[in-house]
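Q: Provided below are the primary sequence and the corresponding predicted coordinates.
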Amino acid sequence: MITPQQPVHRERRKALRRRATWTLLAVLFISWGGPAANAFWQTLSSSNFGAAKADSLPQGSVPTASLSGTNVTLSWAAATTPGGHPASGYTVARYSGASGGTQVAAGGGCAGTVTALSCTEQSVPGGTWYYAVTPVISLWTGAESARSGGVISDSTPPTISVSSISPTPNGAGYNNTSTVTVNLSAVDNTGGSGVASINYTVDGGSQVTVNASTAAVNVSGNGTHTVSFFATDVAGNSSTPQTQTIKIDSVAPVVGVASISPTPNSLGYNKASPVTVNLSATDSGGSGVANIKFAIDGGSQVSVTGATAAVNIGGEGTHTLSYFATDIAGNTSNAQTQTVTIDTTAPTVSAVTMANGGTAKTADSGDTLTIVFSTDMDAHTLCSGWNSTSATQSVTGTASISTGNVLTFFSSSCTAPAFGSVSLNAAYNKGTAARTFAATMDWTQSTGTLVITFTSNGSGGTAGTSLSPATPVYSPAPGAADKAGNAVGTVSAGGPSKF
């Protein structure tokens with residue numbers, strides 16, 4: 001019978017109507033809320049269509065962000081609805097500020113919907129970034145989290161330079177003191193991670209790391225040194241290595257006389273003019289000789305570029321050459337002097353005089369013969385046994401007056417060269433044999449005086465008596481010369497005299 005079944009059918013129709021109503025309400029709710037809605041309706045039982053309630057997604061938890069190079073790793077806590085449903089995923093965004101700003105969807109491993117509780121965004125552009133996460137369930141999204149602390153992505157290396165060198169090198173790039181300090185300074189790009197350290201080596205030695213944006217590098221020792229350096233920022237970017245050359249020369253050059261032309265004789269005299277003094281300098285410190293400076297007889301200073309200088313000195317007399325050298329680093333040698341004595345004039349004899357010391361008008365003991373030379377006479381050329389420098393010198397020997405009345409002097413100490421001879425121009429010997437006397441010969445350098453003194457009355461020949469004054473004439477022995485080697489020139493006889 002159909003009639004009893006009608007109530008059952010009516011109930012089924014009512015349930016279907018209720019189900020359709022709830023479905024329609026859900027569709028309307030979804031349509032009203034859209035994909036960004038964070039609330040939704042949940043059916044509590046599939047058999048009880050009337051049992052449904054609203055649920056919502058919470059705000060995402062604040063993520064933590066850490067940087068490695070240009071990669072940012074994020075992690076966050078799970079989000080769960082009040083109804084106990086966990087978020088099925090999360091979207092990640094970053095901002096350029098702690099608040100406000102334009103949202104930028106994260107890329108790399110953080111792109112799209114992340115189903116884990118962490119991700120890494122690779123190759124993050126340079127700048128300071130703040131991250132936020134939003135939980136999602138299907139088409140529903142929760143509220144975006146508060147932003148993480150800022151992380152600085154930096155792919156630009158710092159720049160580094162030499163800020164100063166102390167002491168400042170000279171124009172040729174040299175320091176003449178040790179130690180030299182090279183001051184390095186590094187800066188990172190604007191908005192970068194900041195300078196972490198400066199690394200340097202000196203002459204390829206061990207690398208030194210200074211955890212700062214400045215470093216003072218000490219360099220010492222003569223020679224050319226190389227400081228190599230670079231900087232690293234907090235993000236790990238390193239600048240291109242650079243070098244700085246440091247040249248140190250703290251040793252003064254050495255300068256001296258290389259030669260004198262013509263070469264002076266053993267007494268230091270030149271008998272030619274001008275004389276060329278060749279100066280030469282060396283520098284062991286490494287920079288090289290810059291110049292030699294000199295002055296003659298206290299005159300104006302002359303500078304000659306380079307390590308050699310030829311100094312011409314002319315004129316009679318003793319000259320003083322003062323000189324020193326300077327190297328490229330600015331070191332100066334001690335001042336030195338060189339004496340140059342030039343004598344181109346032949347010595348002269350200004351007087352030849354006989355003097356009585358015994359019986360007048362005859363040659364006997366005590367009589368003297370005096371010859372006056374120029375004061376620069378070399379005594380060695382008057383008696384081979386004498387030296388060229390002593391103030392006074394003396395020798396004993398024999399004076400002889402020949403039958404022609406020519407006086408000579410002989411001594412075992414004066415072989416050759418020797419005294420020479422004097423024509424007395426008076427008959428102090430009238431015999432047919434030579435008349436000889438014990439005698440001495442004395443020299444005084446300061447006055448150029450040569451004196452022969454008879455110390456006996458003589459023997460042999462025949463002594464002349466009652467002689468009138470005469471003019472004696474001196475003939476120097478070959479080789480008689482001054483200290484420069486100039487042979488004796490003009491001989492003045494002087495006035496008449498007598499023994």
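A: Yes, it's here.

Q: can you give me the helices in the chain?
A: Using DSSP state H, the helices assigned to the chain run over residues 6-33.

Q: might you list the low-confidence residue ranges for it?
A: 1-53, 417 (pLDDT under 70).

Q: which residues touch the nearest residue to residue 405 once chain neighbours are set aside?
A: Of all residues not flanking residue 405 in the chain, residue 424 sits nearest, at 4.7 Å (C-beta to C-beta, 6 or more residues apart in numbering). C-betas here are computed from N, CA, C, even on glycine. Applying C-beta atoms under 8 Å, 6 or more residues apart in numbering, one finds that residue 424 lies in contact with 354, 401, 405-407, 470, 472.

Q: out of these, who's the most crowded?
A: Per-residue neighbour counts (other C-beta atoms under 10 Å) across these peak at residue 401, which has 28 neighbours.

Q: would you confirm that that one contacts residue 421?
A: No - the criterion here is C-beta atoms under 8 Å, and residue 401 misses it with residue 421 at 10.4 Å.

Q: tell me the centre residue of the protein?
A: Residue closest to the mean C-alpha point of the chain, counted by C-alpha atoms, centre = their mean, is residue 248 at 2.4 Å.

Q: turn the contacts of residue 424 into TSV, columns for distance to residue 486.
A: Listed next are those as TSV, based on distance: C-beta to C-beta, whole Å:
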residue	distance to residue 486
354	27
401	30
405	30
406	26
407	25
470	30
472	24
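
Q: which one of those residues sits closest to residue 323?
A: Nearest to residue 323, judged by C-beta to C-beta, of the contacts of residue 424 is residue 472 at 49.6 Å.

Q: report the separation between the residue nearest to residue 55 when sequence neighbours are not counted and residue 463.
A: Nearest non-adjacent residue to residue 55, counting by C-beta to C-beta, 6+ apart: residue 83, 3.9 Å away. Using C-beta to C-beta, to the nearest Å, we find residue 83 at a distance of 167 Å from residue 463.

Q: ok, these two, which is more surrounded?
A: Set residue 83 next to residue 463 and count neighbours by other C-beta under 10 Å: residue 463 wins out with 20 against 12.

Q: and that one, what does it touch?
A: Each residue near residue 463 by C-beta under 8 Å, 6+ apart is listed here: 362-364, 428-430, 435.

Q: and which of these is nearest residue 244?
A: Residue 244 has its nearest neighbour among these in residue 363, at 92.8 Å by C-beta to C-beta.

Q: distance of the nearest residue to residue 245 once chain neighbours are set aside from residue 115?
A: Excluding the flanking residues, the one nearest residue 245 by C-beta to C-beta, 6+ apart is residue 226, at 5.9 Å. In this view, residue 226 and residue 115 are 56 Å apart by C-beta to C-beta.

Q: now do the shared contacts for residue 401 and residue 421.
A: residue 407.

Q: outline the domain layout of this structure.
A: Taking automatic domain parsing as the reference, the chain has its domains at 1-32, 64-153, 159-248, 254-342, 349-476.

Q: can you redo the ones you listed as JSON lines with distance to residue 493?
A: Shown next, in JSON lines, are those (distance: least, C-beta to C-beta, whole Å):
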{"stretch": "domain 1-32", "distance to residue 493": "153"}
{"stretch": "domain 64-153", "distance to residue 493": "111"}
{"stretch": "domain 159-248", "distance to residue 493": "67"}
{"stretch": "domain 254-342", "distance to residue 493": "26"}
{"stretch": "domain 349-476", "distance to residue 493": "5"}
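
Q: of all the ones you listed, which one comes closest to residue 484?
A: domain 254-342 (3.8 Å).

Q: beta partners of residue 218?
A: Beta bridges link residue 218 to residue 181 when assigned by DSSP bridges.

Q: these two touch, right, it and residue 179?
A: Yes - when contacts are counted by C-beta under 8 Å, residue 218 is listed as touching residue 179 (4.9 Å).

Q: of those two, who's got more company?
A: residue 179 (14 against 11).

Q: state the distance from that one to residue 222.
A: Counting by C-beta to C-beta, the gap from residue 179 to residue 222 is 12 Å.

Q: mind checking how far the closest residue in space to residue 91 that isn't next to it in sequence is from residue 359?
A: Closest residue to residue 91 apart from its sequence neighbours, by C-beta to C-beta, 6+ apart: residue 134 at 4.8 Å. The gap separating residue 134 from residue 359 is 150 Å, by C-beta to C-beta.

Q: check residue 454 too.
A: From residue 454 across to residue 359, the span is 11 Å (C-beta to C-beta).

Q: between the two, who's got more neighbours?
A: A count of neighbours by other C-beta under 10 Å puts residue 454 above the other of residue 454 and residue 359, at 24 against 15.

Q: is the more buried one bridged to anything, and to what?
A: Applying DSSP bridges to residue 454 gives these bridge partners: residue 439.

Q: show me which residues of stretch 428-442 are buried.
A: 428-429, 434-441 (16 or more other C-beta atoms under 10 Å).

Q: go ahead and confirm the residue nearest to residue 245 touches residue 203.
A: Yes - in this structure residue 226 lies within contact range of residue 203 using C-beta under 8 Å: 5.9 Å.

Q: not counting its neighbours along the chain, what's nearest residue 69?
A: In space, residue 69 is closest to residue 236, 5.5 Å off (C-beta to C-beta, 6+ apart).

Q: contacting residues for the nearest residue to residue 272 once chain neighbours are set aside?
A: In space, and not counting its chain neighbours, residue 272 is closest to residue 262: 5.1 Å by C-beta to C-beta, 6+ apart. By C-beta under 8 Å, 6+ apart, the contact set of residue 262 is 270, 272, 275.

Q: what do you get if the cut-off is 10 Å, keeping everything else the same?
A: Contact analysis of residue 262 by C-beta atoms under 10 Å, 6 or more residues apart in numbering lists 270-276.

Q: buried among those residues? Need that as a selection in ChimeraX.
A: The following ChimeraX line selects those of the contacts of residue 262 that are buried, judged by 16+ other C-beta under 10 Å:
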select :270,271,275
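
Q: list just the nearest of the contacts of residue 262 to residue 64.
A: Lowest distance from residue 64 to the contacts of residue 262 (C-beta to C-beta) belongs to residue 276, with 87.8 Å.

Q: closest to residue 152 out of the contacts of residue 262?
A: residue 276 (74.6 Å).

Q: grab the nearest non-local neighbour of that closest one.
A: That would be residue 261: by C-beta to C-beta, 6+ apart, it lies 4.6 Å from residue 276.

Q: okay, now the one you found: neighbour count?
A: Count around residue 261 with other C-beta under 10 Å applied: 14.

Q: try residue 82
A: Other residues lying near residue 82 total 10 when counted by other C-beta under 10 Å.

Q: who are the neighbours in contact with it?
A: 54-58.

Q: repeat for residue 401
A: By C-beta under 10 Å, 6+ apart, the residues touching residue 401 are 363, 407-408, 422, 424, 426-429, 431, 434-437, 454, 458, 460-461, 463-464, 499.
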